[in-house]
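Visitor: when you get a sec, could you give me coordinates for this:
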Amino acid sequence: MSVQTKIYEGKAKILYTTHDPEILLADFKDDATAFNAQKRGSIQGKGNINNIISSKLFQQLEARGIKTHYIDSPAPNQMRVKALKILPLEVVVRNIAAGSLCKQTGLAVGTVLKQPLVEFYYKNDELGDPLLTGDRLFLLELATPEQVDTITHLALQINKFLCDFFRRCDITLVDFKLEFGLDSQQQLLLADEISPDTCRLWDNSAVRDPNLRVLDKDRFRQDLGNVENAYQEVLQRVLKAVESN
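Guide: As a prediction, this is how the structure comes out:
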């Protein structure tokens with residue numbers, strides 16, 4: 001496989017073309033950003049960790065009939081993926097109140113939601129990735145009603161699997177972000193990554209300490225320290241859970 005041209009560089013990944021126009025190479029970076037890139041830094045080994053965790057979880061989801069952009073992982077920090085037209089939507093699934101949900105609603109951090117909440121945000125850095133109503137989503141023609149219904153259904157399926165999977169890791173899945181895209185046959189596929197960068201993960205063994213329990217990018221956002229150790233801990237638990245399947 002020969003890498004040809006860099007076609008995109010985001011906050012967490014660089015995308016390259018390959019010899020096959022239907023396949024891209026994603027290079028996971030150690031760079032870390034928060035608050036719409038207002039805070040920047042680096043997390044040692046993050047690229048490798050996030051790629052390995054994402055690869056394992058994508059494979060698990062594929063085995064359960066959920067189609068993703070994942071093809072394989074030729075290097076610890078690289079993933080070959082299907083070329084997609086990414087929908088400009090961030091799909092957030094929430095099981096427990098945290099982050100912006102608490103700021104915008106007044107719910108106490110840690111409030112368990114009666115049922116999972118699926119939210120859509122406009123993926124636009126200049127606008128600050130605003131929360132969308134259904135009418136605004138359709139006004140901007142970001143997705144069709146059929147695509148929104150499919151995405152919502154898939155997001156809830158993915159949430160059920162991930163909650164069960166992380167429970168076996170002695171981790172609570174608080175909330176997480178997903179992205180979807182269309183392949184050349186207009187098939188909707190799960191894209192991006194599933195990692196401590198995109199999930200809020202709480203260690204069940206430290207549930208009483210709101211700082212010690214954090215195993216995700218909130219450690220970077222909130223200057224809690226031990227960021228690399230938290231990411232490594234998630235990786236080791238994920239690998240153990242996959243091996244025990």
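
Visitor: per-domain residue ranges of this protein.
Guide: Per the record, the chain has its domains at 6-82, 85-243, by automatic domain parsing.

Visitor: immediately after the longest helix seen in the chain, which helix or strand?
Guide: Counting residues, the longest helix in the chain under DSSP state H turns out to be helix 145-168. Heading C-terminal from helix 145-168, the first helix or strand you meet, by DSSP states H and E, is strand 171-182.

Visitor: partner strands of that next one, parallel or antiparallel?
Guide: Here strand 171-182 is paired, per DSSP bridges, with strand 85-86 (antiparallel), strand 89-96 (antiparallel), strand 188-191 (antiparallel), strand 199-203 (antiparallel).

Visitor: could you redo those as CSV and give each row mean neighbour count and distance to I23?
Guide: C-beta coordinates here come from the backbone N, C-alpha and C atoms, glycine included. Below are the strands paired with strand 171-182 laid out as CSV (neighbours: other Cβ atoms under 10 Å; distance: least, Cβ to Cβ, whole Å):
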stretch, mean neighbour count, distance to I23
strand 85-86, 13, 15
strand 89-96, 21, 23
strand 188-191, 21, 13
strand 199-203, 22, 26
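
Visitor: with respect to T172, which of those lies nearest?
Guide: Nearest to T172, of all those, is strand 199-203, at 4.4 Å by Cβ to Cβ.

Visitor: mean confidence for that closest one?
Guide: The average pLDDT within strand 199-203 is 98.

Visitor: cool, stretch 69-87 as well?
Guide: For stretch 69-87, mean pLDDT rounds to 97.

Visitor: go through that stretch and flag the buried ones.
Guide: Buried positions in stretch 69-87, judged by neighbour count with 16 or more other Cβ atoms under 10 Å: 69-71, 73, 77-84, 87.

Visitor: now do stretch 156-167
Guide: Residues of stretch 156-167 classed as buried: I158, N159, L162, C163, F165, F166 (neighbour count, 16+ other Cβ under 10 Å).

Visitor: would JSON lines of these with pLDDT and distance to N124 be doable?
Guide: What follows is the buried residues of stretch 156-167, written out as JSON lines (pLDDT from 0 to 100; distance: Cβ to Cβ, whole Å):
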{"residue": "I158", "pLDDT": "98", "distance to N124": "23"}
{"residue": "N159", "pLDDT": "98", "distance to N124": "24"}
{"residue": "L162", "pLDDT": "98", "distance to N124": "26"}
{"residue": "C163", "pLDDT": "98", "distance to N124": "29"}
{"residue": "F165", "pLDDT": "98", "distance to N124": "31"}
{"residue": "F166", "pLDDT": "98", "distance to N124": "30"}
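
Visitor: mind listing the helices for this structure?
Guide: So, for the chain - with DSSP H - the helices run 46-63, 100-105, 134-139, 145-168, 218-221, 227-243.

Visitor: out of those helices, the one nearest L182 is which?
Guide: So among those, helix 145-168 is nearest, using Cβ to Cβ, at 8.5 Å.

Visitor: what angle do that closest one and helix 227-243 make?
Guide: Orientation check (axes from the mean of the first three to the mean of the last three Cα atoms, to 10 degrees): helix 145-168 against helix 227-243 gives 90 degrees.

Visitor: contacts for helix 145-168 next, please.
Guide: For helix 145-168, contacts defined as Cβ atoms under 8 Å, 6 or more residues apart in numbering pick out 57, 60-61, 64, 66, 87, 89, 91, 93, 95, 116, 118, 120, 134, 137-138, 143, 172-173, 176, 178, 180, 188, 190, 194, 199, 201, 241, 244.
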